[in-house]
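S.K.: Coordinates for the following, if possible.
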Amino acid sequence: MAISLTPEDKKLIQKRMKTGSFRSVEEVIHDALASQDSEAEWLTANKVAINEKIARGVAQLDRGEGVSGDVAHARLQRRKTDWQAGHKRG
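M.R.: As a prediction, this is how the structure comes out:
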């Protein structure tokens, strides 16, 4: 199978190759496709739960229970920091 890559795609592939984690362009592409497939499977498996959380959030906003963007950003940043700290130990 022959494919054509845009200059932007070629740059992304070269960037990944420079990390040393991949021995070939084919490995980079396979990794990207496998990741995309895994993400799609996760989204499909969790679709109901995701939609329930969205509906719950919209209902909270409708009741005036929302938070400011600054508060939401700070919460997400704290969660990210906690998550990263947990994965550094592992």
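
S.K.: residue with max distance from the center of this protein?
M.R.: What lies farthest from the middle of the chain is R63; by Cα atoms, centre = their mean that is 29.8 Å.

S.K.: From V25, how far out is L61?
M.R.: The gap separating L61 from V25 is 45 Å, by Cβ to Cβ, to the nearest Å. Bear in mind the C-beta positions are built from the backbone N, C-alpha and C, glycine included.

S.K.: who has more neighbours, these two?
M.R.: Taking other Cβ atoms under 10 Å, L61 and V25 do not tie; V25 has more neighbours (14 against 11).

S.K.: Please tell me I have it right and the more buried one contacts M17.
M.R.: Yes. Using Cβ atoms under 8 Å, V25 is in contact with M17, at 7.2 Å.

S.K.: tell me, what's touching those two both at once?
M.R.: Listed contacts common to V25 and M17 are nil; contacts here mean Cβ atoms under 8 Å, 6 or more residues apart in numbering.

S.K.: who's in contact with Q77?
M.R.: Counting by Cβ under 8 Å, 6+ apart, Q77 touches no other residue.

S.K.: And it, which helix or strand is it part of?
M.R.: In this assignment (DSSP states H and E), Q77 forms part of helix 69-89.

S.K.: Mind telling me what element the residue nearest to the spatial centre of the chain is part of?
M.R.: Geometric centre of the chain, nearest residue: E39, 8.1 Å, by Cα atoms, centre = their mean. E39 is part of helix 25-45 when elements are defined by DSSP H and E.

S.K.: tell me which residues in that helix are buried?
M.R.: V28, I29 (16 or more other Cβ atoms under 10 Å).

S.K.: still on that earlier bit, let me know the distance separating the residue farthest from the centre of the chain from R56.
M.R.: 11 Å.
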